[in-house]
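Visitor: one predicted model, sequence on top.
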Amino acid sequence: MTNKYMYFIANWKMFGGLNTLNSLHKVVKFLKNFKKNRFVKLVYCPPNTLIRPMTKKLKDSRIEVGAQNCHESDTYGAFTGFVNSKMLKNVGANYVIIGHSENRLNGENDKLINHKIKNALKSGLKVIFCIGETLSQKRKKNTKKILNRQIKIGLKNIRNNNVIIAYEPVWAIGSGLIPKLEELSDIINYIKNLTKKYKVLYGGSVNTKNILELRSINNIDGFLIGGASQDSKKFIDIIKKTYI
Ligand code: PGA
């Protein structure tokens, strides 16, 4: 039985409209009545269009809302199509995911990510900093080298309790695959030793079945969940099973 404070961060990616918020009351109700709720930290990161309506829906709950990315600038500017961390904070976000591999694959590098993290922290957001290796990097046994670089540059000159690290192997995201448990535990330890103070979450194909294995890894501080978090029933099931 787990009696540990755990994060469950829902990454909705580019999914969801106003009608998707209708099922949130199930999660709110579940959490209210859940015996272990004091150990559960739940954060939803919907698309930016849903941040405001979601904070309204969740206002009487302990569930918080975050964004999935932000622009690196901390002032307004001529950046068509972007929003910065201050603007996210202004509409009710308390968290922001930075460095997700889907954005790294679109050209975001470690230096830019470092810049984004600094400004997001300045704006008062908590940062969920994503790191992870690709399949070819894993095959070449370069996982730790890659994570080391992502952490060293991504967190350069940052010592802040408001950073949470999410280890998400790129090959595990949306693929149904997860790392071998011993390997995962070893990598989480590696990240914790490197960074000393940060919480470390796992993300990549977390679902209602594999959570029963994943929860047995003692050094994990929670999960970043994509696909399965969009379905309230599945999300609740994952949380429940973590505490069986
Ligand atoms: P997944 O996504 O759970 O659908 O694999 C996780 C993520 O990309 O954060």
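Guide: Received it, and whenever you're ready, just let me know what you need.
Visitor: how near is the residue in the chain that the ligand sits nearest to to residue 62?
Guide: Across the chain, the shortest distance to the ligand (Cβ to the nearest ligand atom) belongs to residue 226, at 2.3 Å. For the C-beta atoms, the positions are set from N, CA and C on the backbone; glycine is no exception. Separation of residue 226 from residue 62 (Cβ to Cβ, to the nearest Å) stands at 22 Å.
Visitor: looking at these two, which one has more neighbours?
Guide: When residue 226 and residue 62 are compared for neighbours, residue 226 comes out ahead with 23 against 13, by other Cβ atoms under 10 Å.
Visitor: where's that one relative to residue 65, distance?
Guide: 16 Å.
Visitor: with residue 116 instead?
Guide: Following Cβ to Cβ, the distance that separates residue 116 from residue 65 is 19 Å.
Visitor: repeat for residue 137
Guide: 33 Å.
Visitor: of the two, which one has the most company?
Guide: residue 65 (24 against 17).
Visitor: show the pLDDT at the more buried one.
Guide: What the model reports for residue 65 is a pLDDT of 98.
Visitor: that one and residue 48 touch, don't they?
Guide: No: Residue 65 sits out of contact with residue 48 when judged by Cβ atoms under 8 Å, with a separation of 10.7 Å.
Visitor: correct me, but residue 97 touches residue 70?
Guide: No: counting by Cβ under 8 Å, residue 70 is not a contact partner of residue 97; they are 9.1 Å apart.
Visitor: which bits of this structure sit near the ligand?
Guide: Where the chain comes near the ligand, counting by Cβ under 6 Å from any ligand atom, the residues are 11, 168, 173-174, 203-206, 224-227.
Visitor: tell me the buried residues within these.
Guide: Those of these that meet the buried threshold are 11, 168, 173, 203-206, 224-227, by 16 or more other Cβ atoms under 10 Å.
Visitor: and the residue nearest to the residue of the chain closest to the ligand when sequence neighbours are not counted, its phi and psi?
Guide: If the residues on either side of it in the chain are set aside, residue 226 comes closest to residue 11, at 4.8 Å by Cβ to Cβ, 6 or more residues apart in numbering. Main-chain torsions, residue 11, degrees, to the nearest 10: phi -110, psi 100.
Visitor: would you mind listing the residues in contact with residue 11?
Guide: With Cβ atoms under 8 Å, 6 or more residues apart in numbering as the criterion, the residues that contact residue 11 are 45, 68, 97, 100, 203, 224-226, 229.
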